[in-house]
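*Asks:* the following block contains a protein sequence and its predicted model.
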Amino acid sequence: MPLVHEPGEAQADFGFALVKMAGKLIKVAFFALALPYSDAMFIVAYPRECTESFQDAHVRAFRFFEGVPTRIRYDNARTTVSQITGARSRKLTDGFLQLQSHYLFEARFCRVRRPNEKGVVEGIIKYARLNYLVPVPEVESFQELNRYLEQRCREDLKRRLRGQTAPKGELLKEDQAAFLKLPSAFEACRQSSTRVDKLSLVRFDRNDYSVPVRYAHLEVTVKGSVGRIMICRNDQVLAEHTRLWEKERIAFEPLHYLQLLERKPGALDQAKPLAEWRLPECFHQLRSRLEAQEPRWGTREFIRVLRLLEKYSMARVERAIRQALGLRHCHRDVVAQYLYEEEPVSLFSLEGREHLKGVHVAAPDLTRYVELMRGINS
């Protein structure tokens, strides 16, 4: 049956394709949002279809179209529907409800095994796969792949479909006139509450992420987005990591374990969090000298130098170590002294403090100090 589509409506779905990324052939999930009235589309790819990628894709699509469709039609994927309670009634997931309550669009769902009810986006997914992802694209990252896909979507707006009097870009203006206003940015992430284990690790989506050892055994909140993992306690961010998409992997931050190593310096060479930490050569030279000067405390002193990285950048600490190595005696305080010398000195200014310009402080009377010293000496 030929159908008519009103401006401002949309259809959304995920598709899958092969991509050669960083020299490795992988399967990616790509999200498509189609506007049936203008036939405009937005495509974006992710490592996997999940709540975070589903939310992030909507944020990107609404920003691309500069507005929010009034009604969006979906299938019954696990990212949106937690339970089918009737032919048209659904119990929605928390992640979908958060997205919907922020953007205030209406959601419609296809009947079970009736993907033809969102046939426009089904056709868009097929078109995008055959025209944008065949032959298999070769890219270095998802950022590069998504820049390529967005550019192709913008170029597609110049195309005019058979039977239409104007290109897609002109018809899109009528869609946009019916859109809801774009609200403030939505934080596309999945949150979970958990406890830091005895190894200072937090598990999220089948992977482990480190936090500073002083937070072991505490309750924390993990915020997982497409690109980052944030581990928080109350309003404080304890740690941030790049998101891992493989299974059963561990993301270590060496700085998180230096406080413990300072108390247990014998574990330095066997510490797994530091196994893949590539330090500049001057760090190894410093360690050799410290351990030669005093075998008993040299390793611990080197770890104290490493702890300077908790406050200062690698480049600054490396420069300070190179300066300290030129001295006869070298230890943590010497390295720190070169770092302190680089600290900018901020002088108090009366600029913008007009109420202080009338304050005058009298010069001190040093004769009283002289009288005091005479009294002490007598």
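*Replies:* That came through, no problem.

*Asks:* so where do the helices sit in the stretch 251-378 of the chain?
*Replies:* Secondary structure of the stretch 251-378 of the chain by DSSP state H, counting those that start in this stretch: the helices cover 258-263, 281-293, 298-306, 314-325, 332-341, 367-377.

*Asks:* and among the ones you listed, the most buried is which?
*Replies:* Mean neighbours per residue, mean count of other C-beta atoms under 10 Å, is largest over those for helix 298-306, with a mean of 21. All C-beta spots, glycine's among them, are computed from the backbone N, C-alpha and C.

*Asks:* now that one: mean pLDDT?
*Replies:* The pLDDT scores in helix 298-306 average 96.

*Asks:* hmm, who's touching that helix?
*Replies:* 258, 261-262, 265-266, 268, 283, 286-287, 290-292, 294, 317, 321, 331-332, 335 (C-beta atoms under 8 Å, 6 or more residues apart in numbering).

*Asks:* check the offset of that helix from the chain's centre.
*Replies:* In terms of C-alpha atoms, centre = their mean, to the nearest Å, the centre of helix 298-306 is found 32 Å from the chain centre.

*Asks:* distance check, the closest residue to residue 79 other than its chain neighbours against residue 4.
*Replies:* Nearest residue to residue 79, sequence neighbours excluded (C-beta to C-beta, 6 or more residues apart in numbering): residue 54, at 4.3 Å. Remark: distance between residue 54 and residue 4 (C-beta to C-beta, to the nearest Å) = 28 Å.

*Asks:* of those two, who's got more company?
*Replies:* Neighbour totals were compared for residue 54 and residue 4, and residue 54 leads with 25 against 6 (other C-beta atoms under 10 Å).

*Asks:* just the mean pLDDT for the host helix or strand of the more buried one, thanks.
*Replies:* Here residue 54, judged by DSSP states H and E, is contained in helix 51-65. Mean per-residue pLDDT for helix 51-65: 97.

*Asks:* so what touches the next helix or strand after it?
*Replies:* Once the chain leaves helix 51-65, the next helix or strand it forms, by DSSP H and E, is strand 71-74. The contact list for strand 71-74, computed with C-beta under 8 Å, 6+ apart, reads 8-13, 33, 80, 105-110, 117-118, 121.

*Asks:* can you rerun that using 6 Å?
*Replies:* Strand 71-74 has contacts (C-beta atoms under 6 Å, 6 or more residues apart in numbering) with 9, 10, 11, 12, 80, 105, 106, 107, 108, 109, 118.

*Asks:* in its sheet, what does that strand sit against?
*Replies:* strand 9-21 (parallel), strand 106-109 (parallel) (DSSP bridges).

*Asks:* now that strand - C-alpha only, CSV.
*Replies:* Backbone C-alpha positions of strand 71-74 (Å, rounded to 0.1, in the frame of the first residue of the first chain) are rendered in CSV as follows:
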residue,chain,number,x,y,z
ARG,A,71,7.6,11.0,16.3
ILE,A,72,10.2,8.2,15.8
ARG,A,73,9.4,4.6,14.9
TYR,A,74,11.5,1.7,16.3
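
*Asks:* now do the buried residues in that strand.
*Replies:* 72, 73, 74 (16 or more other C-beta atoms under 10 Å).

*Asks:* helices or strands up against the helix or strand following that strand?
*Replies:* Sequence order places strand 81-84 as the next helix or strand after strand 71-74, per DSSP H and E. With contacts taken as 3 or more C-beta pairs under 6 Å, 6 or more residues apart in numbering; DSSP states H and E, strand 81-84 sits against strand 90-92.

*Asks:* I'd like the average pLDDT over the strand it packs on.
*Replies:* Strand 90-92 comes out at a mean pLDDT of 95.

*Asks:* next, the buried residues of the helix or strand following that strand.
*Replies:* The helix or strand immediately downstream of strand 90-92 is helix 94-103, counting by DSSP H and E. With burial defined by 16+ other C-beta under 10 Å, the residues of helix 94-103 counted as buried are 95, 96, 98, 99, 100, 102, 103.

*Asks:* now do stretch 154-168
*Replies:* 156, 157, 167, 168.

*Asks:* and residue 237, what helix or strand is that in?
*Replies:* strand 236-242.

*Asks:* any idea how far that strand is from the chain center?
*Replies:* Here strand 236-242 is found 9 Å from its chain centre; the criterion is C-alpha atoms, centre = their mean.

*Asks:* list the buried ones in that strand?
*Replies:* 238, 239, 241.

*Asks:* now do stretch 180-187
*Replies:* Burial within stretch 180-187, assessed by neighbour count using 16+ other C-beta under 10 Å, is assigned to residue 186.

*Asks:* just how off-centre is it within its chain?
*Replies:* 19 Å.

*Asks:* measure it end to end?
*Replies:* 19 Å (C-alpha to C-alpha, to the nearest Å).

*Asks:* what comes into contact with that stretch?
*Replies:* 59, 62, 67, 68, 102.

*Asks:* now that stretch: average pLDDT?
*Replies:* For stretch 180-187, the mean confidence score works out to 94.

*Asks:* before we move on, what about stretch 112-126?
*Replies:* 89.

*Asks:* what's across from the spatially most central residue of the chain in the sheet?
*Replies:* By C-alpha atoms, centre = their mean, the chain has its centre lying nearest to residue 228, at 2.9 Å. Going by DSSP bridges, residue 228 is paired in beta bridges with residue 242.

*Asks:* could you do the one 4 residues further on as well?
*Replies:* Following DSSP bridges, residue 232 is listed with bridge partners residue 221, residue 237.
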